[in-house]
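Undergrad: Requesting a structural model of the entry that follows:
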Amino acid sequence: MGVRHSARAKYCLLGAWVLVCLSAVLSLLIPHSYRLTALGDFSQVILLLAAVLAMAANVKSGDRQARLFWGLMTLGCGMWLSVQALWTYFEVFLHREVPNPFIGDVVLFLHLVPMMGALAMQPHVDREEHSTRLGALDFTLLLIWWLYLYLFAVIPWQYVSPNATLYGHSFDVLYLMEHLVFLAMAGFVWLRSVGDSKIIFGHLLGAGALYAFSSIAASVAIDFGHYYTGSFYDVPLVACMAWFFGLGLVGNHLPFRTAPIKEGEGKRDVWGARLATGAVLSLPVLAGWSEYMSHAPGRVQSFRMMLTLCGMMLMGGLLALKQYRLDKELAHANQELREASLTDLLTGAKNRRFLTTTIEGDVRHVIRAYSPNSGCASVRNRDLIFYLIDADHFKEVNDRYGHDLGDGVLVQIARRISSAIRHSDVLIRWGGEEFLVVSRYTNRDEAAALAARVLNAVGSEKYELQGGQKIGRTCSIGWAVFPWIVRDPEAVSYGDVLRVADRALYEAKKAGRNQSIGMLPLTETLPVLPPFEEKGQSIMEVLPVRTVVTLGPSASNQEAAAAAAPAKAMAATQDA
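TA: Now for the predicted structure:
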């Protein structure tokens, strides 16, 4: 087979082909007898059992798609084995000819469907998990469709209006159509595959072609009364069983290697869905043909009509389940896209678009909480606090270690900030090495405590670089509260409060870094604004403020006094 097998596998394969040759010789030398029948039946049972075991051994290895492929192939061969075992039971143990029609024909007919499902898996192509789940539903729909075809075309002549001739003819035509569909799928996958996968699919195509020829020939011979177990009709059938056994051994030595779907090939995934939809639509067409164009007896037509109604209900339910899963997948994908559009790709923090999307709702909530008619019994946890955080001297990190390592440090800083804030707070990548924390449902009296936690989280421990290097880094913080005027929440916009926080950050960096400066309103009234606005001044420049200074973990008491002096001087100037 062009594959290097182990010594044990070679002996097993040699034994299988010796059994094929022995069957050919015995079919020519021994006339029809019980002994020949028993030898023929047991030979086929042994070869099919070997094929099932060889394919089942491949289920334990490979990725999920490869395991599903070999699992479906094992199921198909296992169904084939069950039919052969039942055939053997009649002929060898009961000493009776297998009846025609045969109860196992439906299993023999359906055992190719799992093999079609295995081909549809295309284990050599990398696919997403949700595509595999939806493909399983499509496979179930197609399995039900093939079963419907068998019940529609064959079963009426077995039970509803028994007719051995029509039964055999209908079975042969439908069985041939199924084999042709299987070979078309195998040929398509074989042409699209490369490398080791092409070898596996090539063997499957060859074994399937031999099986189609031998099984159809045997079915026709049964209809004409020329077939008996052990006859020369069984030789190609036994050979294809040995070939399926060899296919299992090949799969053990040539595992599938998945490759990404090439551009333009993604449309292949929709063929399963299209076939499943087409199968559902074919049911009323077949029912119409049976009702208005078929010359079958009335009992057969009534049976087919009832069968079609049941099939449409069952397949319609599966389609509804598939649509539910598709809707769920679509909602999940939309949610992921929304999250991606609102998230900074480097740090995992939210981005400015997130603030634009959510801030109006937060502001309205705060304004309602401070409204006289809000009915809030507590005055706590109604504020919105903006913390602007900037990594100190971060340009030195990029200049000395490069932007890749600098990005790694930035990611670590974001994680530390995130660990210091509450779950209700939001961390936003504001730009470069600057972050914004929007603290919601909080109290302005506790704002400095959160700033202290962030300063400690960012500056208390060094940051790890590649190669075992470590560097220390601190941050500066400026914060301000909304509403600025508690008695008039809408007097100062959140944008102006953000600008106050930015001014506080500037003062923190100017005062020596590694500290936070918070700005709070000094009074509950605003100055007269028009004269200032006429001079081109913003509201931020005329707001009377008081400052709250918090030092980072490495600052000394002397540094604290020096840092607080500029802030106090600024506050005194603004108070004046």
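Undergrad: residues near Ser419, how many?
TA: 10 (other Cβ atoms under 10 Å). For the C-beta atoms, the positions are set from N, CA and C on the backbone; glycine is no exception.
Undergrad: is it fair to say it lies in a helix?
TA: Yes. Remark: Ser419 belongs to a helix, assigned using DSSP: H, G, I helix; E, B strand; the rest coil.
Undergrad: Chain neighbours aside, what residue packs nearest to it?
TA: The shortest distance from Ser419 to any non-neighbouring residue, by Cβ to Cβ, 6 or more residues apart in numbering, is to Ala457 (6.0 Å).
Undergrad: now the stretch of helix or strand that neighbour belongs to: mean pLDDT?
TA: Taking DSSP states H and E as the definition, Ala457 sits inside helix 447-459. Averaging pLDDT along helix 447-459 gives 95.
Undergrad: contact partners of it?
TA: Helix 447-459 is contacted by residues 383, 385, 387, 389, 391, 413, 416-417, 419-422, 425, 437, 439, 442, 472-475, 477, 479, 481, 514-516, 518, 548, 550-554 when judged by Cβ atoms under 8 Å, 6 or more residues apart in numbering.
Undergrad: buried residues in it?
TA: Ala447, Ala448, Leu450, Ala451, Ala452, Arg453, Val454, Leu455, Ala457, Val458, Gly459 (16 or more other Cβ atoms under 10 Å).
Undergrad: What's the separation between the fifth one and Ala38?
TA: It stands for Ala452. 89 Å (Cβ to Cβ, to the nearest Å).
Undergrad: Confirm for me that Arg546 is in contact with Thr523.
TA: No. The criterion here is Cβ atoms under 8 Å, and Arg546 misses it with Thr523 at 9.5 Å.
Undergrad: which of the two has more neighbours?
TA: Applying other Cβ under 10 Å to Arg546 and Thr523 shows that Arg546 carries more neighbours, namely 15 against 12.
Undergrad: Checking my notes, that one in a strand, right?
TA: Yes. Counting by three-state DSSP, Arg546 is located in a strand.
Undergrad: Against Leu166, how distant is it?
TA: From Arg546 to Leu166 the distance is 99 Å (Cβ to Cβ).
Undergrad: Kindly report the same for Ser6.
TA: 50 Å.
Undergrad: got it, and Glu396?
TA: 90 Å.
Undergrad: Among those two, which residue is more densely surrounded?
TA: The neighbour comparison of Glu396 against Leu166 (other Cβ under 10 Å) goes to Leu166, with 17 against 12.
Undergrad: how about the helices in the stretch 251-400 of the chain?
TA: In the stretch 251-400 of the chain, the segments counted as helices under DSSP state H, counting those that start in this stretch are 269-292, 298-341, 352-369, 394-401.
Undergrad: make that the stretch 1-150 of the chain, sorry
TA: 7-29, 34-57, 64-88, 105-110, 112-121, 129-153.
Undergrad: could you check the angle helix 298-341 makes with the helix or strand immediately after the last one in the chain?
TA: So that's helix 129-153. Scanning forward in sequence from helix 129-153 by DSSP H and E, the next helix or strand is helix 164-192. Taking axes from the mean of the first three to the mean of the last three Cα atoms, to 10 degrees, one finds that helix 164-192 is oriented at 20 degrees with respect to helix 298-341.
Undergrad: what's the angle from the helix or strand just after helix 164-192 to helix 164-192?
TA: Going down the chain from helix 164-192, the next helix or strand is helix 195-223, by DSSP H and E. On the basis of the same axes, to 10 degrees, helix 195-223 is oriented at 170 degrees to helix 164-192.
Undergrad: tell me the mean pLDDT for helix 195-223?
TA: Averaging pLDDT along helix 195-223 yields 91.
Undergrad: Ser294: neighbouring residues, count only.
TA: For Ser294, using other Cβ under 10 Å, the count is 13.
Undergrad: next one: Arg499
TA: Using other Cβ under 10 Å: Arg499 sits among 18 other residues.
Undergrad: Same question for Thr343.
TA: There are 16 residues near Thr343, going by other Cβ under 10 Å.
Undergrad: mind checking pLDDT for it?
TA: 87.
Undergrad: Asn351 is in contact with that one, correct?
TA: Yes. Contact status for Thr343 versus Asn351: in contact at 6.3 Å, counting by Cβ under 8 Å.
Undergrad: Provide a complete list of residue ranges assigned to strands in the stretch 451-576 of the chain.
TA: Along the stretch 451-576 of the chain, the segments classed as strands by DSSP state E, counting those that start in this stretch run 463-464, 470-471, 475-482, 515-521, 545-551.
Undergrad: Quick check: which helices or strands does the third one pack against?
TA: Applying 3 or more Cβ pairs under 8 Å, 6 or more residues apart in numbering; DSSP states H and E, one finds that strand 475-482 contacts strand 383-391, helix 447-459, helix 494-510, strand 515-521.
Undergrad: For my notes, please list these in JSON lines and give distance to Leu75 for each entry.
TA: Below are the helices and strands packed on strand 475-482 laid out as JSON lines (distance: least, Cβ to Cβ, whole Å):
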{"stretch": "strand 383-391", "distance to Leu75": "59"}
{"stretch": "helix 447-459", "distance to Leu75": "56"}
{"stretch": "helix 494-510", "distance to Leu75": "63"}
{"stretch": "strand 515-521", "distance to Leu75": "66"}
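Undergrad: Those: which one's closest to Val83?
TA: helix 447-459 (68.9 Å; Cβ to Cβ).
Undergrad: Low-confidence ranges, this structure, go.
TA: Scanning the chain for pLDDT under 70 picks out 1-5, 126-135, 256-272, 374-379, 524-543, 554-576.
Undergrad: Can you verify Leu427 is assigned to a strand?
TA: Yes. Using three-state DSSP, the assignment for Leu427 is a strand.
Undergrad: can you pull the contacts of it?
TA: Applying Cβ under 8 Å, 6+ apart, the residues contacting Leu427 are Ala349, Lys350, Ala414, Ile417, Ser418, Ile421, Phe435, Leu436, Val437.
Undergrad: If the second one is in a bridge, with which residues?
TA: So that's Lys350. For Lys350, the beta-bridge partners under DSSP bridges are Thr343, Ile428.
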